[in-house]
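Chemist: this one's sequence-less:
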């Protein structure tokens, strides 16, 4: 297979899923790019109100995550995904008419709740509909496609902002509505997964009503692994918060370097996932990627740390190298996470497992922006080393957690259930 052909998804279904990812992220990215200006100039909010509303929405999303996952397992992952995507798209249609903090909070909470349901369905569907040998590779292509969509959305959103027109900005969400409705229709046309069929049988009374198997909350290994994964994913804090702040406040690098850094990350995350995910199939493979991710994270901390004492081109080169290494941590952790999802979820309760994972990953990483920023800006060199050490400890803890989750699945899930989705 040539290098160029590896950039294209190999199967018809993986191509359809990748195209869906581009459509969704283009609409989402267009609105996200201009959202700060939209909320302040159109909705009439202060920056503090925007942040408070997002915090309230995040709490609501966490409270509804597990029920949303259970709904996905009951009515079928594709139906949950399509319905959540449809409601999320329709929510954008209300944004041009919203004004004031109270209406903003209601809308952002509603959006987060239905988006949580859509994500639960999406995660369960992708794992359910694909044979095991294709799961990691297809998710890698979908990850690349999402980065393509986010880039297209950022370009379109930037063009809209360039006109500096409040009227254009007010009606910009309608573009997201159109792409969102297209996305929901596209999802509805995807083939049914095995558990969509089983959900339909339950609805007709042809199968047992109660979803079998223990709750994901009883799988302590999965809970702790999710927390560890959330801490490992604080590489995104390094990427988008810590290195940019360090560059601006503690180095002599030109500020335009920030655009080059984010551009480098985007390009690497478009073209490399298909390569970096190769050979990742088992829990052991995933744990190997966890170790690689921790190594890259620590390397990024050390490289960026020394730029406090360098100057000129050397600083620019090292800051860029620090950003490349943290992107390596992101790519390695992505492939590890996809393999964990494929191997360590009860196939009868993938929606619930996905929601529980998202909730506990949040617990493992929500604190990072505040803590990492304080450590680095107050402790400087020692702070960078502590940040790296936190992730190394999380990587070490992920190993017994993953093995415990694996033992739970082998003990609690009948081989016939695993075989049902291993075709």
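Modeler: Cool, got the structure. For clarity, every value in this text was computed on a predicted model and none was experimentally measured. Numbering: from 1, shown residues only.

Chemist: contacting residues for residue 171?
Modeler: Contact analysis of residue 171 by Cβ atoms under 8 Å, 6 or more residues apart in numbering lists residue 96. To be clear about C-beta, it is placed using only N, CA and C from the backbone, and glycine gets the same treatment.

Chemist: what's the helix or strand hosting residue 117 packed up against?
Modeler: Secondary structure assignment for residue 117, by DSSP states H and E: helix 101-129. Judged by 3 or more Cβ pairs under 8 Å, 6 or more residues apart in numbering; DSSP states H and E, the packing partners of helix 101-129 are helix 47-75, helix 77-92, helix 132-162, helix 194-203, helix 312-344, helix 350-365.

Chemist: can we see that at 6 Å?
Modeler: Using 3 or more Cβ pairs under 6 Å, 6 or more residues apart in numbering; DSSP states H and E as the contact criterion, the elements in contact with helix 101-129 are helix 47-75, helix 77-92, helix 350-365.

Chemist: columns distance to residue 268 on top of those helices, output as CSV?
Modeler: Output for those, formatted as CSV (distance: least, Cβ to Cβ, whole Å):
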stretch, distance to residue 268
helix 47-75, 28
helix 77-92, 28
helix 350-365, 21
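
Chemist: out of these, nearest to residue 114?
Modeler: Minimum separation from residue 114 across these (Cβ to Cβ) falls at helix 77-92, 4.1 Å.

Chemist: what's the angle from that closest one to helix 350-365?
Modeler: Relative orientation of helix 77-92 and helix 350-365, computed by axes from the mean of the first three to the mean of the last three Cα atoms, to 10 degrees: 60 degrees.

Chemist: now helix 77-92, how far from the centre of its chain.
Modeler: 17 Å (Cα atoms, centre = their mean, to the nearest Å).

Chemist: quick check: phi and psi on residue 367?
Modeler: phi -80, psi -10 (degrees, to the nearest 10).

Chemist: would you mind measuring from it to residue 243?
Modeler: Distance, residue 367 to residue 243, by Cβ to Cβ, to the nearest Å: 18 Å.

Chemist: same deal with residue 351?
Modeler: Using Cβ to Cβ, residue 351 is found at 35 Å from residue 243.

Chemist: okay, the two: which has more neighbours?
Modeler: Taking neighbours as other Cβ atoms under 10 Å, residue 351 and residue 243 compare with residue 351 leading, 34 against 25.

Chemist: ok, the more buried one - contacts?
Modeler: Going by Cβ atoms under 6 Å, 6 or more residues apart in numbering, residue 351 touches 69, 72, 73, 120, 124.

Chemist: what is the most widely separated pair among those?
Modeler: Longest span within the contacts of residue 351, Cβ to Cβ: 73 and 120, 8.8 Å.

Chemist: tell me which residues in stretch 125-143 are buried?
Modeler: Across stretch 125-143, burial judged by 16 or more other Cβ atoms under 10 Å covers 125-130, 132, 134-143.

Chemist: quick one: low-confidence parts of the stretch 151-300 of the chain?
Modeler: Within the stretch 151-300 of the chain, the segments meeting pLDDT under 70 span 204-210.

Chemist: in it, what residue spans correspond to helices?
Modeler: Remark: helices assigned in the stretch 151-300 of the chain by DSSP state H, counting those that start in this stretch are 166-171, 173-188, 194-203, 220-232, 235-237, 243-250, 257-271, 273-276, 283-306.

Chemist: below-threshold pLDDT in the stretch 1-150 of the chain: ranges please.
Modeler: 1-7.

Chemist: number of residues surrounding the closest residue to residue 390 other than its chain neighbours?
Modeler: Distances taken as Cβ to Cβ, 6 or more residues apart in numbering put residue 231 closest to residue 390, at 6.6 Å, once the chain neighbours are dropped. By other Cβ under 10 Å, 22 other residues sit near residue 231.

Chemist: before we move on, back to that, residue 73 and residue 120 - which one has more neighbours?
Modeler: A direct count of neighbours by other Cβ under 10 Å for residue 73 and residue 120 places residue 120 higher, at 33 against 27.

Chemist: thinking again about what came up before, just name the closest of the contacts of residue 351 to residue 287, please.
Modeler: Closest to residue 287, out of all of those and judged by Cβ to Cβ, is residue 124, at 23.3 Å.

Chemist: could you measure that closest one against residue 334, distance?
Modeler: Going from residue 124 to residue 334 by Cβ to Cβ gives 18 Å.

Chemist: more crowded one of these two?
Modeler: Using other Cβ under 10 Å, the more surrounded residue of residue 124 and residue 334 is residue 124, with 31 against 23.

Chemist: I figured that one hits residue 77, correct?
Modeler: Yes - with contact defined as Cβ atoms under 6 Å, residue 124 reaches residue 77; the gap is 3.8 Å.

Chemist: which one, of the helices of the stretch 151-300 of the chain, ends up nearest to residue 324?
Modeler: The closest of the helices of the stretch 151-300 of the chain to residue 324 is helix 257-271. By Cβ to Cβ, the value is 6.5 Å.

Chemist: domain-wise, how is the protein divided?
Modeler: The chain resolves into domains spanning 8-203, 216-420 when parsed by automatic domain parsing.

Chemist: starting at the chain centroid, how far to the last one?
Modeler: Relative to its parent chain, domain 216-420 has a centroid offset of 11 Å by Cα atoms, centre = their mean.

Chemist: with stretch 40-57 instead?
Modeler: On Cα atoms, centre = their mean, the centre of stretch 40-57 falls 23 Å from the chain's centre.

Chemist: buried set for it?
Modeler: For stretch 40-57, the neighbour count (16+ other Cβ under 10 Å) marks 42, 43, 45, 49, 50, 53, 54, 56, 57 as buried.

Chemist: list the contacts of residue 9.
Modeler: Contact analysis of residue 9 by Cβ under 6 Å, 6+ apart lists 15, 18, 141.

Chemist: in contact with the last one, which residues?
Modeler: It stands for residue 141. Neighbour list for residue 141: 9, 14, 18 [criterion: Cβ under 6 Å, 6+ apart].

Chemist: and the nearest residue to the last one once chain neighbours are set aside, what does it touch?
Modeler: Read it as residue 18. Closest residue to residue 18 apart from its sequence neighbours, by Cβ to Cβ, 6+ apart: residue 145 at 4.0 Å. Counting by Cβ under 6 Å, 6+ apart, residue 145 makes contact with 18, 21, 22.
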